[in-house]
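Chemist: what's the 3D shape of this:
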Amino acid sequence: MRTPASEHRLVLVTRQTRLAELVQRFNTEDQARFYIEHLGADFTDYQVEDGTYRQQVRIVATMLGALGRLHQVDRAFLPNYLFGSRDTVVVLGQDGLVANTLKYLDGQPVIGVNPDPARWEGVLLPFRAADLPRLLPEVLRGTRPWRGVTMAKATLSDGQHLYAVIDLFIGPRSHTSARYRIQINDRSEQHSSSGIIVSTGLGSTGWLRSILAGSAGITAAVTGRPVALAPPAMPWDAEYLCFSVREPWPSNTSAASITHRKRLCRLQRRYPGPDRPSGAARAVGRVGWSMPRGCSTAKYG
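Modeler: Numbers count the residues shown, from 1 in each chain. Below you'll find the model as predicted:
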């Protein structure tokens, strides 16, 4: 027997706008205006963005409140927020907010809503606020098709684990070079680089896309011939990761031939679709990546 829609908890995840962060930092909007205009930027753009987002938050919250029990949580509180197993999560993005939210979920459905399509590309935000009255009942009934999302799991030699929805960055926190030995299958070599970016299927349209675009531009400038490097077609639930080495330095003691590969990894777990409510996206598993001791890491997105 299905749980009535009114008994589902709907969690709306929001974020502060640039203007809200500035007011928090400088106490008043006038002080924020002085700071931005002193930098030569257009403060009106900050106000328009803030006004649009606040309006969308009110609209979406009203819609969700009419469909079920609503909890609204700011991005800053996600690490300490306890999601229920039957929660349905609505993220009022940017794309990075969707990725950040997925890290704290365990199979709950996620709906990405674009609050400002004219401003945000919204690769992970396929829906608009006007779609929710039609979309959400389908998700709660379990009749809405969904796409699974596989997260990357990084394991340190001291037993710690880190998870990433889009990318893992492996390298130093500073601008110094990372020195390490990289191995894939039976090939290995010593590296000196700015670090390694490990991308998931969901992240293949993010940082990885930027890396390939920069590589294509440099190659075209050097060779005088146009070069097109499209990101690899990776499904969101891909059971492999794609890594790219940043600025590898070839020298007498370091090489630069292993710089970009896909790596098949063991999927630790997967939730079968029919056993859980359907949604726009869901974190369905994690693939592994091992890192040597001493690497500092940061999650992108």
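Chemist: Identify the single longest helix in the protein, thanks.
Modeler: helix 43-67 (DSSP state H).
Chemist: now that helix: mean pLDDT?
Modeler: Summarised as a single mean, pLDDT over helix 43-67 is 95.
Chemist: That one packs against which elements?
Modeler: Using 3 or more CB pairs under 8 Å, 6 or more residues apart in numbering; DSSP states H and E, the elements in contact with helix 43-67 are strand 9-14, helix 18-26, helix 29-38, strand 69-74, strand 88-92, helix 132-141. C-beta coordinates here come from the backbone N, C-alpha and C atoms, glycine included.
Chemist: Which element, helix or strand, includes the residue positioned nearest the centre of the chain?
Modeler: Nearest to the mean C-alpha position of the chain, by CA atoms, centre = their mean, lies Ala99 at 2.8 Å. Per DSSP states H and E, Ala99 falls inside helix 95-102.
Chemist: Does anything pack onto that helix? Which helices or strands?
Modeler: Helices and strands touching helix 95-102, by 3+ CB pairs under 8 Å, 6+ apart, are strand 88-92, strand 110-113, strand 281-290.
Chemist: ok and that helix relative to strand 69-74, angle-wise?
Modeler: Relative orientation of helix 95-102 versus strand 69-74 (axes from the mean of the first three to the mean of the last three CA atoms, to 10 degrees): 120 degrees.
Chemist: Could you tell me the least trusted of the helices and strands packed on helix 95-102?
Modeler: Per-stretch mean pLDDT for the helices and strands packed on helix 95-102 is lowest at strand 281-290 (a mean of 43).
Chemist: So, low pLDDT: which residues of the protein?
Modeler: Where the chain drops to pLDDT under 70, the residues are 1-7, 263-301.
Chemist: before we move on, back to that, just the C-alpha atoms of the helix holding Ala99, please, in PDB.
Modeler: Extracted in PDB, the C-alpha atoms of helix 95-102 (Å, rounded to 0.1, in the frame of the first residue of the first chain):
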ATOM      1  CA  ASP A  95      23.500  23.200 -10.700                       C
ATOM      2  CA  GLY A  96      26.100  23.100  -8.000                       C
ATOM      3  CA  LEU A  97      23.300  23.100  -5.300                       C
ATOM      4  CA  VAL A  98      21.900  19.900  -6.800                       C
ATOM      5  CA  ALA A  99      25.300  18.200  -6.700                       C
ATOM      6  CA  ASN A 100      25.900  19.400  -3.200                       C
ATOM      7  CA  THR A 101      22.500  18.100  -2.000                       C
ATOM      8  CA  LEU A 102      23.000  14.700  -3.600                       C
END
